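> Using only what follows, build the 3D model:
(2 chains)
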2 protein chains.
Amino acid sequence: MSKLSGFPEFLPAERNVELAVLDHLRSVFELHGFANVETRAVEPLTTLLRKGEIDKEVYAVRRLHADPSEPAELALHFDLTVPFARYVVENAGHLQFPFRRYQIQKVWRGERPQAGRFREFTQADIDIVGDGELAFHFDVEVARVMAEALAKLPVPGLSITLQVSNRKVLEGFYLGLGIGEPTAVMQVIDKLDKLPAEKIASLLTEQGLSAEQAAACLALAEIVTSDTSFVDQVRALGVEHELLDEGLTELAAVIDGCAGVEGVAVTADLRIARGLDYYTGTVFETRVAEYPLLGSICSGGRYDQLASDGKRTYPGVGLSIGVSRLLSTLSASGVTASRSVPSAVLVAVTDEASRAASDTIAQQLRSRAIACEVAPSAQKFGKQIRFAERRGIPFVWFVTDEGDQVKDIRTGDQVSADPDSWTPPKNDLRPQVSYKETPK
Amino acid sequence: MSKLSGFPEFLPAERNVELAVLDHLRSVFELHGFANVETRAVEPLTTLLRKGEIDKEVYAVRRLHADPSEPAELALHFDLTVPFARYVVENAGHLQFPFRRYQIQKVWRGERPQAGRFREFTQADIDIVGDGELAFHFDVEVARVMAEALAKLPVPGLSITLQVSNRKVLEGFYLGLGIGEPTAVMQVIDKLDKLPAEKIASLLTEQGLSAEQAAACLALAEIVTSDTSFVDQVRALGVEHELLDEGLTELAAVIDGCAGVEGVAVTADLRIARGLDYYTGTVFETRVAEYPLLGSICSGGRYDQLASDGKRTYPGVGLSIGVSRLLSTLSASGVTASRSVPSAVLVAVTDEASRAASDTIAQQLRSRAIACEVAPSAQKFGKQIRFAERRGIPFVWFVTDEGDQVKDIRTGDQVSADPDSWTPPKNDLRPQVSYKETPK
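Numbering: from 1, shown residues only, chains lettered A, B, ... in the order given. From the prediction side, this is the model:
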């Protein structure tokens, strides 16, 4: 059996890194009152194909022995936004709006596998959705929640920037310049990551913009500030439009609202357009300085119409983290967990006849929330210590006639210990995340 | 859009019950040193069809625009055992044996949907797998771990019985009776749940058993004890066989090993045969007295060959809980969570101009791990309290000029409070699981 390309699986130590990240995200989201939801893995094919552009990426699902009479085909969801929108419409009568939810699940895309692109991967989304209307302060809130989540990721040595923009700024600016089709310009500006500025300028003039208009669009896209000084810089370009004013006020509120979050940079970055998505105001992307090729690991924005059932419209604002892409990159860079098991302690077994005594010690430790396991066989203690070492278990507990002893096998220190009171250092209670070598 | 039959989705309060159960299971498994693993959702169709019997239940998965040259078709996994066996063989060089893992994931079966049968559902498995050999004491260990997990499920009013048997007891007994094909007898005995004893007796005589042999098989199957007295009861039937002796010793060890676990009944139950599975020793099923129609919610046993790559064989022992089946039954019986959101506190907003003050209070509470949310709009306080009430949030926090006040909206009690020291009662920190009405 060979591994399936595009379907990554983690070894236990790598999975411990993922668990640490997912636990952290869940904790931040729940502290901010986001309720958890899971949706089924499949949606009717017709629901997914409505999004048009990605149809070739969908995995169709069918019972191997389906009747010809079987109804519409199903497909695996390719993101968590489309299923969530369906869930909101389907359960609207049972939900309290504004409804804030987080959702952490696998998604599937049938893309050709390549570095950092998976066919199965995990996303972690937060969204706040309103019934009919959704106050702007929720844009500030989701930004702050995600900034906090990114700031405190349990992975050392990451310099993360949450880049915020607002499509009203871009669209208002283009309209103020007298450009008739602002959306088309946004889609070109969105390529600034991949193409040089001159190429973007020529693409814009091909669209009928004058050289001056193209230059102004590029000047706007160059504005990046870590405070609200971007407002003055935009004003200095001398373009006036009501929508621009509205966008600048909103964007300044988001940047101000994130000002207190330490450990992450939050910038107003007017290069960010997210031209191919259906956002209507605030938009987000996220870069990790150490991994420029990773692209945006967390994106999102405001949809005036996240969902609709024809009668009611549900506006929303949210962000989605690409957990698998981030983790596989970190894993390839040597980020790992201090151990492959939850156990902080291996309780040694002196001989098989006294295994029950070791089991009792283990139960006493567990009753105080210390994860442990009992040695699989009563080998020589040196072998039992090496068993712990191979798993990264930091402590070995010996049950002896002269009283119990616990050894820190990293330092060799061995001390007398009472299973009803001994506690490992806090950092040893759970696997720790770190780089195998010095971070590059 | 209509709901898809067989693909259940929970509302937030129901999902909170599921989260409480899954968190509990994870905590018990990790305290016992089980490492978490997730496997991809798909396996090559050929891997899954090797199990033969369930082929008509498999969901095939295919890229909508797959090339004709695309390799072997994929299918969604229908349990966690087959993928885990593949994972063990594939990663054997990187795993430390005996390898203990837990795995909590969705599985899919294309069965006709019916009450309690789903097409998508969650299983929670623990297994310990060895390289070449696996000591018997691991059978005792997995039984005890799962008994502890079942005993402490965070759902009130469940009377759970973990029923343990051992195929060596049954097979040895049948061989001792002079029966040539013990496996065929086991498959008939396995139907005792569904058919009356007379019918089983006539099925056995149809297989060539004498009336005395059939009666002895049924007498064995009637033995159920909550201690090791089953050994004497079996001996009293006067059958002798080496394999029977071995099985009795093993089964007695499992029952003895679980003796200390309170809150769950653990019985030696010789009706349990699991005739259609590939178990070779210990076997487990689990019944909930309040829900007899639910069937076994947690089953498993010892495989002498959990996995094999042709050269090496990996014996294993484990159990699998059918989480979705249990939860949907509980949900239908009125089990729910005390609230639909994680928030213990709603911080009221006096007017939109002072929203920042409410945000600051919320951050102070969060810094002490108290989940909270800020009111969505500065409505009259009565409306803000009703907003909290509809979500089940127990406390509303008021920011006033005369100092902060917090109200328990269930009792109406309102007291002065300091956001740096006030703490809700422990039971209010997280959603609690209970019955909507008195349990039936």
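> any chance you could map the helices in chain A?
A:12-31, A:45-49, A:81-91, A:137-151, A:167-176, A:182-189, A:197-206, A:211-221, A:230-235, A:242-257, A:323-332, A:355-366, A:381-391, A:426-429 (DSSP state H).
> And the fourth one, what does it pack against?
The elements that helix A:137-151 packs onto, with contact taken as 3 or more CB pairs under 8 Å, 6 or more residues apart in numbering or on different chains; DSSP states H and E, are helix A:12-31, strand A:120-129, strand A:160-166, helix A:242-257, strand A:282-288, strand A:298-308, strand A:313-322. All C-beta spots, glycine's among them, are computed from the backbone N, C-alpha and C.
> Just the angle for it relative to strand A:298-308, thanks.
150 degrees (axes from the mean of the first three to the mean of the last three CA atoms, to 10 degrees).
> any idea how far helix A:137-151 is from the chain center?
Centre-to-centre, helix A:137-151 and its host chain are 13 Å apart (CA atoms, centre = their mean, to the nearest Å).
> what angle sits between it and strand A:160-166?
160 degrees.
> same question, the fifth one
Following the same axes, to 10 degrees, one obtains 50 degrees for the angle between helix A:167-176 and strand A:160-166.
> Mind exporting the C-alpha coordinates of helix A:167-176 to PDB?
What follows is helix A:167-176, C-alpha atoms only, in PDB (Å, rounded to 0.1, in the frame of the first residue of the first chain):
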ATOM      1  CA  ARG A 167     -13.400  46.800  -0.600                       C
ATOM      2  CA  LYS A 168     -15.300  50.000   0.000                       C
ATOM      3  CA  VAL A 169     -12.000  51.900   0.100                       C
ATOM      4  CA  LEU A 170     -10.800  50.300  -3.100                       C
ATOM      5  CA  GLU A 171     -14.100  50.600  -4.900                       C
ATOM      6  CA  GLY A 172     -14.800  54.100  -3.700                       C
ATOM      7  CA  PHE A 173     -11.400  55.200  -4.700                       C
ATOM      8  CA  TYR A 174     -11.700  53.700  -8.200                       C
ATOM      9  CA  LEU A 175     -15.200  55.300  -8.600                       C
ATOM     10  CA  GLY A 176     -13.800  58.600  -7.400                       C
END
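> helices and strands of chain A: which one has the lowest mean pLDDT?
In chain A, no helix or strand scores lower on mean pLDDT, DSSP states H and E than helix A:45-49, which sits at a mean of 84.
> Determine the set of other helices and strands touching that helix.
Applying 3+ CB pairs under 8 Å, 6+ apart, one finds that helix A:45-49 contacts strand A:74-76, helix A:81-91.
> Look up how far residue A:284 lies from the residue most central in space within chain A.
Central residue of chain A (CA atoms, centre = their mean): residue A:321, 2.5 Å from the mean position. To residue A:284, residue A:321 is 11 Å away according to CB to CB, to the nearest Å.
> who touches both of the two?
A:146, A:298 (CB atoms under 8 Å, 6 or more residues apart in numbering or on different chains).
> circling back to that earlier point, give me the buried positions along the least confident helix or strand of chain A.
Under the neighbour-count criterion of 16 or more other CB atoms under 10 Å in any protein chain shown, helix A:45-49 has A:45, A:47, A:48 buried.
> Between the helices and strands packed on helix A:45-49, which one is closest to chain B.
helix A:81-91 (5.9 Å; CB to the nearest CB).
> what's the angle from that closest one to helix B:12-31?
Counting by the same axes, to 10 degrees, helix A:81-91 lies at 130 degrees to helix B:12-31.
> now the angle from helix A:81-91 to strand A:313-322?
Using the same axes, to 10 degrees: helix A:81-91 against strand A:313-322 is 140 degrees.
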